[in-house]
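> Need the 3D shape of this:
(one chain, ligands or ions: 1)
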Amino acid sequence: MYRFDVPGMKCGGCAKKVEQAVKSKDASAEFSADVENRRVTVTSSVSQAEFAAAIQEAGYANQLVAA
Ligand SMILES: [Cu+2]
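Residues are numbered from 1 along each chain as shown. Okay, here's the model as predicted:
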């Protein structure tokens, strides 16, 4: 399980874009977004670096805070 801070994720639309970025790397990843706290949780066997890059490419700077 990975937890990322995504400071630019400010609404459900942002969360949807982040989710699409995550699912582009692993369609079966478990994803949840906490918009209020600007945080997402991903459960997957794909490496965190893949998700970090995909989220960044979608336009959202991010930082891994737990793995
Ligand atoms: Cu938004």
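> Residues of this protein that sit close to the ion?
Within the chain, the positions adjacent to the ion are 10-11, 13-14 by Cβ under 5 Å from the ion. Just so you know, the C-beta spots here come from the backbone N, C-alpha and C atoms, and that holds for glycine as well.
> In helices, which of those fall?
The helices, defined by DSSP state H, take in 13-14 from the residues of the chain next to the ion.
> Can you list the buried residues in stretch 17-37?
17-19, 21-22, 25-26, 29, 31, 33, 35 (16 or more other Cβ atoms under 10 Å).
> Okay, now the unreliable bits of this protein?
Residues of the chain meeting the criterion pLDDT under 70: none.
> can you do 90?
Within the chain, the stretches with pLDDT under 90 are 66-67.
> I'd like to know which of the buried residues of stretch 17-37 are part of strands.
If you go by DSSP state E, the buried residues of stretch 17-37 have 31, 33 in strands.
> Could I get the phi/psi values of Thr43?
With angles defined as degrees, to the nearest 10, Thr43 shows backbone torsions of phi -120, psi 120.
> So which residues of this structure form helices?
Going by DSSP H, the chain shows helices at 12-25, 48-57.
> which other residues reach the first one?
For helix 12-25, the surrounding residues in contact (Cβ atoms under 8 Å, 6 or more residues apart in numbering) are 6, 8-9, 29, 31, 33, 35, 40, 42, 44, 46, 50-51, 54-55, 57-60.
> Perfect, that will be all.
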